[in-house]
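Engineer: take this sequence and fold it.
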Amino acid sequence: MKKIMIILILFVSSNVLAQSQMDKKSKIAETYVESEMQLAKVYQSVVDIVANENKKTLVKAQNDWLKYRESECKFEISDIKDETEKAKIKENCLFEINKKRIHELQASYIILRLQL
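Structural biologist: As a prediction, the model looks like this:
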């Protein structure tokens with residue numbers, strides 16, 4: 001009977017731990033997706049008010065930034081072997097870099113609005 005109880009406790013504990021880890025991964029993924037949506041929204045608001053002659057430069061700058069973001073996060077996970085951990089760290093990296101870019105674009109938007 002004791003063995004059955006111990007096995008049952010271990011089984012329940014491992015399921016709770018696995019669910020907790022899944023919840024954390026899900027939260028990181030959700031936060032990253034939200035930052036992607038916010039980034040797209042803020043970027044579009046800047047595109048909408050930037051002068052036509054500067055739109056091409058803005059688009060190039062954003063494309064260059066996207067390449068930088070991808071390279072930076074790829075480097076950050078380059079030594080990690082565990083695929084689950086790698087995915088979690090990459091999503092967190094993308095989220096953090098997105099936050100910085102969102103702030104930069106919001107500042108650009110404010111400056112552009114003041115110039116109108």
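Engineer: the most centrally placed residue in the chain sits in which helix or strand?
Structural biologist: With distances taken as CA atoms, centre = their mean, F95 lies nearest the centre of the chain, 2.4 Å away. Element membership of F95, judged by DSSP states H and E, is helix 83-115.
Engineer: what's the answer for E70, then?
Structural biologist: Assigned by DSSP H and E, E70 falls within helix 52-76.
Engineer: Y32 now?
Structural biologist: With DSSP H and E as the criterion, the answer for Y32 is helix 2-49.
Engineer: name the helices or strands packed onto the helix holding E70?
Structural biologist: helix 2-49, helix 83-115 (3 or more CB pairs under 8 Å, 6 or more residues apart in numbering; DSSP states H and E). From N, CA and C alone the C-beta is placed, and that goes for glycine too.
Engineer: what's the angle between that helix and helix 83-115?
Structural biologist: 160 degrees (axes from the mean of the first three to the mean of the last three CA atoms, to 10 degrees).
Engineer: show me which residues of helix 52-76 are buried.
Structural biologist: 58, 62, 65, 69, 73, 76 (16 or more other CB atoms under 10 Å).
Engineer: residue ranges with poor pLDDT in this structure?
Structural biologist: 1-26 (pLDDT under 70).
Engineer: give me that answer again for 50
Structural biologist: Residue ranges of the chain with pLDDT under 50: 1, 5, 7-8, 10-22.
Engineer: show me what contacts Y109?
Structural biologist: 42, 45-46, 49 (CB atoms under 8 Å, 6 or more residues apart in numbering).
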